[in-house]
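quick one, structure for this:
(chains A, B, C and D)
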Protein chains: 2
Amino acid sequence: MKIGELAARTGVTTRLIRYYEQQDLLEADRAPNGYRTYAEAHVERVSRVAGLVQAGIPTRLVKVLLDAELAAARDEPTCPREVAEQLATELVGVQARIDCLTRSRDSIRAFLRATQNEVLLREADKPAVAV
Amino acid sequence: MKIGELAARTGVTTRLIRYYEQQDLLEADRAPNGYRTYAEAHVERVSRVAGLVQAGIPTRLVKVLLDAELAAARDEPTCPREVAEQLATELVGVQARIDCLTRSRDSIRAFLRATQNEVLLREADKPAVAV
DNA sequence: CTAAAGTTTGACACTGGTGTCAATGTCAAG
DNA sequence: CTTGACATTGACACCAGTGTCAAACTTTAG
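Numbering: from 1, shown residues only, chains lettered A, B, ... in the order given. Model prediction:
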């Protein structure tokens, strides 16, 4: 699939897809004509990247995270001490973000509930198409 | 307490505290000499603000979120339909971020576990001083 | 009284993530 | 072959969040 389709399927602009590639978060094969070509797996990847970036993780770290994820997937026991420590550090940062967001989510819910707007809640909770 | 102390206690630079105030996320009383003075409650508030901003919520929205939180605290049934809808929208965004981060957190954990770095995990999990 | 530390406002500047535009190339449909 | 949709690269630009520095004032310590 070409970049346009990938963009459409992920809701991420082509501009950003190229940017992420430039930041080394993505790799793309090239068709003989120079066009980038993507496989199914890239849809997921792009969504994840965009999600993390939107959640305030700088691209540099997104790379580290996703790389570790890959390494784990095909369990490579190789892990330079230093990388592990960096991840551990990052872990607490991520957890802090989660806690903070969770708290806000809960207050938003409480607020909507308290103001007779449960209707909106139902709508918001269902999808869960999150990546 | 003055801005310096507040900064020390929250780990947020004075620069940012002033910035947040300028963005209308914070209010500060002024001592006769012009110095900003803060109450205990501000420690919490500043931490929350910084946390949300770090989690990728733009300051404009942070204001909306925290305002709703306050309103809910002293249950004001007042809630312009429009605000409720904005919050509902924001809610799904927040939830998406949470899901994405949670997923990454779990993979980091799995990775560290898989590479015999449990030691680091213990360290990272304990504190939970999150705000 | 003086020196050091803290505060105030304001300005300049940088970085990272994005939008947008331009010039050029490729491909598919009429 | 021409037209229109989509790709490519590269540049310019913008905004938000931060850092940092400067000049002036206040307060605290010695």
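
now do the strands in chain A.
Shown for chain A, the strands assigned by DSSP state E span residues A:29-30, A:36-37.

which of those strands sits closest to residue B:4?
Closest of those to residue B:4 is strand A:36-37, at 51.4 Å (criterion: CB to CB). C-beta coordinates here come from the backbone N, C-alpha and C atoms, glycine included.

can you say which of the strands of chain A is packed in most?
The highest mean neighbour count among these, using mean count of other CB atoms under 10 Å in any protein chain shown, belongs to strand A:36-37: a mean of 17.

select the longest helix from chain A.
As assigned by DSSP state H, the longest helix anywhere in chain A is helix A:81-114.

so which elements touch that one?
Using 3 or more CB pairs under 8 Å, 6 or more residues apart in numbering or on different chains; DSSP states H and E as the contact test, the elements touching helix A:81-114 are helix A:59-73, helix A:118-125, helix B:40-54, helix B:59-73, helix B:81-114, helix B:118-125.

so the first one, near DNA strand D or not?
Read it as helix A:59-73. No. Using CB under 7 Å from any atom of the strand, helix A:59-73 stays clear of DNA strand D, coming no nearer than 14.4 Å.

now the angle from that helix to helix B:81-114?
Angle between the axes of helix A:59-73 and helix B:81-114 is 50 degrees (criterion: axes from the mean of the first three to the mean of the last three CA atoms, to 10 degrees).

ok, back up a step: same list (the helices and strands packed on helix A:81-114) but as JSON lines, adding mean pLDDT.
Listed next are the helices and strands packed on helix A:81-114 as JSON lines, based on pLDDT from 0 to 100:
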{"stretch": "helix A:59-73", "mean pLDDT": "90"}
{"stretch": "helix A:118-125", "mean pLDDT": "73"}
{"stretch": "helix B:40-54", "mean pLDDT": "97"}
{"stretch": "helix B:59-73", "mean pLDDT": "89"}
{"stretch": "helix B:81-114", "mean pLDDT": "91"}
{"stretch": "helix B:118-125", "mean pLDDT": "73"}
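
for residue A:80, which of those helices is the nearest?
Per CB to CB, nearest to residue A:80 of the helices and strands packed on helix A:81-114: helix A:59-73, 11.1 Å.

residue with max distance from the center of chain A?
What lies farthest from the middle of chain A is residue A:116; by CA atoms, centre = their mean that is 33.3 Å.

confidence score at the nearest residue to it once chain neighbours are set aside?
Of all residues not flanking residue A:116 in the chain, residue B:77 sits nearest, at 7.7 Å (CB to CB, 6 or more residues apart in numbering or on different chains). At residue B:77, the model reports a pLDDT of 71.

spit out the contact partners of residue B:77.
By CB atoms under 8 Å, 6 or more residues apart in numbering or on different chains, the contact set of residue B:77 is A:114, A:115, A:116.

among the residues you listed, which one sits closest to DNA strand C?
residue A:115 (31.1 Å; CB to the nearest atom of the strand).

next, count neighbours for the residue lying closest to that closest one once chain neighbours are set aside.
Spatial nearest neighbour of residue A:115, excluding adjacent residues (CB to CB, 6+ apart): residue B:79 at 3.9 Å. Neighbour count of residue B:79, defined by other CB atoms under 10 Å in any protein chain shown: 18.

buried sites along stretch A:34-54?
For stretch A:34-54, a neighbour-count test (16 or more other CB atoms under 10 Å in any protein chain shown) marks A:36, A:38, A:42-43, A:45-54 as buried.

redo those residues as CSV? Include distance to chain B.
Formatted as CSV, the buried residues of stretch A:34-54 follow (distance: CB to the nearest CB, whole Å):
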residue, distance to chain B
A:36, 24
A:38, 20
A:42, 17
A:43, 15
A:45, 13
A:46, 13
A:47, 9
A:48, 7
A:49, 10
A:50, 9
A:51, 4
A:52, 6
A:53, 8
A:54, 6
